[in-house]
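Peer 1: Sequence and predicted structure, then a few things I'm wondering about:
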There are 2 protein chains.
Amino acid sequence: MTGVRHGRRTLAGMSENTIGNNQDLNNVTVLGTGVLGSQIVMQAAYAGKNVVAYDIGQEPLDKLPDRWEWMRGYYTTDVADYTPELFDAAIDRIRTSTDLTDAVSDADVVIEAVPENLGLKKKVWSQVGQAVPDHTILLTNSSSLRPSDFADATGHPGRFLALHFANLVWKYNTGEVMATPNTDHAVFDRTVAFAEEINLDAIPIRKEIPGYLLNSLLIPWLNAAAGLYVAEAANPADIDRDWKIATGAPTGPFEVFDTVGFNVSVNITRGNPDATEAEKAFSDLLQERGIDKGKAGLGDGVGFYEYDAEGEIVRPNPDWEIY
Amino acid sequence: MTGVRHGRRTLAGMSENTIGNNQDLNNVTVLGTGVLGSQIVMQAAYAGKNVVAYDIGQEPLDKLPDRWEWMRGYYTTDVADYTPELFDAAIDRIRTSTDLTDAVSDADVVIEAVPENLGLKKKVWSQVGQAVPDHTILLTNSSSLRPSDFADATGHPGRFLALHFANLVWKYNTGEVMATPNTDHAVFDRTVAFAEEINLDAIPIRKEIPGYLLNSLLIPWLNAAAGLYVAEAANPADIDRDWKIATGAPTGPFEVFDTVGFNVSVNITRGNPDATEAEKAFSDLLQERGIDKGKAGLGDGVGFYEYDAEGEIVRPNPDWEIY
């Protein structure tokens, strides 16, 4: 990885020599306007970028005004410099499009947040790669697919990499910037700077790691908690309490299971050919006691805990208590 | 584990029927007065128990007054109800002994905190088992040894179990109460109540789990962080930052490595026959860059980070930066 420190050099040696640290990146196109995509649109617009919000049909785009008002509530409490005027001005910087070529033709940065389906990603990126200018930086928010698995589909693997957002972007504002083996170093560095420009706390990851950093840490920790539960060591609330007191963390593993939702955990385990018997047994419990009964986490108001309307824990869910 | 809920029943059916939830446990003997043992002594004494502090020779016992004054500084800031008078009264409730039979002959509870050596544990518990009254609850603070491996040495496995303290007991006041397969349910429940009596937040663990709950969660999480480092994914400080922002936790994994000290991590990995190649490679780095150079964590003032005299992070240690 030598050379990374030299990202600020001039870029005369690059094949497409228009990308550098001093290049302005004012025009951002976000592909996909679902839960996270719409948050990314607002994150960039609130930071002053001109944003095109692309989706495959008009219906999701028509929902955006409602999403802005939902987000406005959070911005009011969570964003230190929030003012209604700044938020309205951000909305004014957003335009929508259902025409992919039109959406990306003037983009400095494209951020892809379409569903996690490899065929779909390849198809979208192939079209985008043919329509973008030579200088455009190509970013995927892909969580479970490896960026390098569809890097070639872009036609520009040197300027393709991952920028991974967390849900509730304005609050959990990590931006995991992850290179593929073919990402140009200067593009990587410019993306780190871009992430900061849109008010993310950029986390540079210079080797491609499935799960980025956060999930690479979270999943073994959650699996360990699952193992303790399957071994009937203790009640979930006691395991959480131990972790929180001993480490000072605000949440224990079973609270995290509730926050991410049981579906996500079950899908990760089912997609993992190396899952242990304990992990599979735990997934079966998540399915039977949670998903099948509509008690699959915070989104349902019930998971390992019961929640009130504000999402605060009321008490442990007795279904999961062993003792 | 049926029957646990019936711990409050009368205990006429027990072979030694003097242990119950209503029994007063006023006399506590702590075996071993090292770093943690001395903290346990004060924790019990400050809570109003009469405490005998036993050690094998006079020298460690002579150090106790200095240890109390060291602890007093922490109590002043960390313990909400601290007063000099209460602390002095606690000291007055402590007597010392180098005679094991004398030390335990009037004990309601014995808490063993001797070094983690199986032969030593067996020897001590065998002597204690012969000297204690019929009603005494026998507790080990053993961290890495399995309590059931020396339960029989006590001669009273039904009233033997683990009570596991964390370092800086007054602040990180978890008390992991862990049964062996032979621990009587009523003794378990009485120990949970005793832990609360000495101002611990009791964590009941009803199956014997190597590493209790906390280390069962910590070690996979730390190993995952080690794996990311060995894979050269990112700098330690970036991995920590990602975890902290995304989860709201006050410390990331590399800060925890520093807090526990590199020796502990290396010993755990070397003692684990199933350690992965990445875990072994990481241990070798901890040895070479840390232990061999006197930079093995917070105790040395340098580990993955450099610390000031107050133990606050000054900056990442450049020795560990990859990028």
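Peer 2: Nice, thanks for sending it over.

Peer 1: Show me where the stretch 151-300 of chain A has its strands.
Peer 2: Listed in chain order, the strands of the stretch 151-300 of chain A (DSSP state E, counting those that start in this stretch) span residues A:160-165, A:174-178, A:201-205.

Peer 1: Make a markdown table out of those and add distance to residue B:181.
Peer 2: C-beta: built from backbone N, CA, C; applies to glycine. Converted to a markdown table, these look like this (distance: least, Cβ to Cβ, whole Å):
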| stretch | distance to residue B:181 |
| --- | --- |
| strand A:160-165 | 45 |
| strand A:174-178 | 44 |
| strand A:201-205 | 45 |
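
Peer 1: Report the buried residues of the lowest-mean-pLDDT helix or strand in chain A.
Peer 2: Counting by mean pLDDT, DSSP states H and E, the weakest-scoring helix or strand in chain A turns out to be helix A:262-270, with a mean of 91. In terms of neighbour count (16 or more other Cβ atoms under 10 Å in any protein chain shown), helix A:262-270 has its buried residues at A:262, A:264, A:265, A:266, A:268, A:269.

Peer 1: correct me, but the fourth one touches residue A:291?
Peer 2: Yep, that's residue A:266 we're talking about. Yes - with contacts counted by Cβ atoms under 8 Å, residue A:266 reaches residue A:291, the gap being 6.8 Å.

Peer 1: What ranges in the stretch 101-250 of chain A fall below the confidence cut-off?
Peer 2: Along the stretch 101-250 of chain A, no part satisfies pLDDT under 70.

Peer 1: In TSV: the strands of the stretch 151-300 of chain A, plus mean neighbour count and distance to residue A:312.
Peer 2: What follows is the strands of the stretch 151-300 of chain A, written out as TSV (neighbours: other Cβ atoms under 10 Å in any protein chain shown; distance: least, Cβ to Cβ, whole Å):
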stretch	mean neighbour count	distance to residue A:312
strand A:160-165	26	25
strand A:174-178	27	24
strand A:201-205	22	26
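
Peer 1: Output those strands in JSON lines, with distance to chain B appended to each entry.
Peer 2: As requested, the strands of the stretch 151-300 of chain A are arranged in JSON lines below (distance: least, Cβ to the nearest Cβ, whole Å):
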{"stretch": "strand A:160-165", "distance to chain B": "10"}
{"stretch": "strand A:174-178", "distance to chain B": "5"}
{"stretch": "strand A:201-205", "distance to chain B": "5"}
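
Peer 1: right, so of the ones you listed, which gets closest to residue A:236?
Peer 2: With respect to residue A:236, and counting by Cβ to Cβ, the nearest of those is strand A:174-178 at 26.4 Å.

Peer 1: CA-only coordinates of the closest one, as PDB, when you get a sec.
Peer 2: Output of strand A:174-178 as PDB, limited to C-alpha atoms (Å, rounded to 0.1, in the frame of the first residue of the first chain):
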ATOM      1  CA  THR A 174     -19.700   7.300   9.500                       C
ATOM      2  CA  GLY A 175     -18.600   7.100   5.900                       C
ATOM      3  CA  GLU A 176     -16.600   3.900   5.400                       C
ATOM      4  CA  VAL A 177     -14.500   4.600   2.200                       C
ATOM      5  CA  MET A 178     -13.300   1.200   0.900                       C
END
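
Peer 1: what about it, distance to the chain center?
Peer 2: Remark: strand A:174-178 is offset 9 Å from the chain centroid, using Cα atoms, centre = their mean, to the nearest Å.

Peer 1: residues contacting the nearest residue to residue A:39 once chain neighbours are set aside?
Peer 2: In this structure, residue A:39 finds its nearest non-sequential neighbour in residue A:169, 4.3 Å apart by Cβ to Cβ, 6 or more residues apart in numbering or on different chains. With contacts defined as Cβ atoms under 8 Å, 6 or more residues apart in numbering or on different chains, the neighbours of residue A:169 are A:36, A:39, A:40, A:42, A:43, A:200.

Peer 1: Which members of those are positioned in helices?
Peer 2: The subset of the contacts of residue A:169 located in helices under the criterion DSSP state H comprises A:36, A:39, A:40, A:42, A:43.

Peer 1: Disregarding flanking residues, what is the spatial nearest neighbour of the last one?
Peer 2: Leaving aside its chain neighbours, residue A:43 sits nearest to residue A:169 (4.8 Å; criterion: Cβ to Cβ, 6+ apart).

Peer 1: Kindly report the same for the third one.
Peer 2: Among residues not flanking residue A:40 along the chain, residue A:30 sits closest, at 5.2 Å (Cβ to Cβ, 6+ apart).

Peer 1: Go ahead and measure how far the helix or strand hosting that neighbour is from the middle of the chain.
Peer 2: If you go by DSSP states H and E, residue A:30 is part of strand A:27-31. Here the centre of strand A:27-31 is set off from its chain's centre by 15 Å, with Cα atoms, centre = their mean.

Peer 1: Can you point out the buried residues in it?
Peer 2: Along strand A:27-31, these residues count as buried under the neighbour rule (16+ other Cβ under 10 Å): A:27, A:28, A:29, A:30, A:31.

Peer 1: Just put those residues in CSV and tack on pLDDT.
Peer 2: CSV is the format used below for the buried residues of strand A:27-31 (pLDDT from 0 to 100):
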residue, pLDDT
A:27, 98
A:28, 98
A:29, 98
A:30, 98
A:31, 98
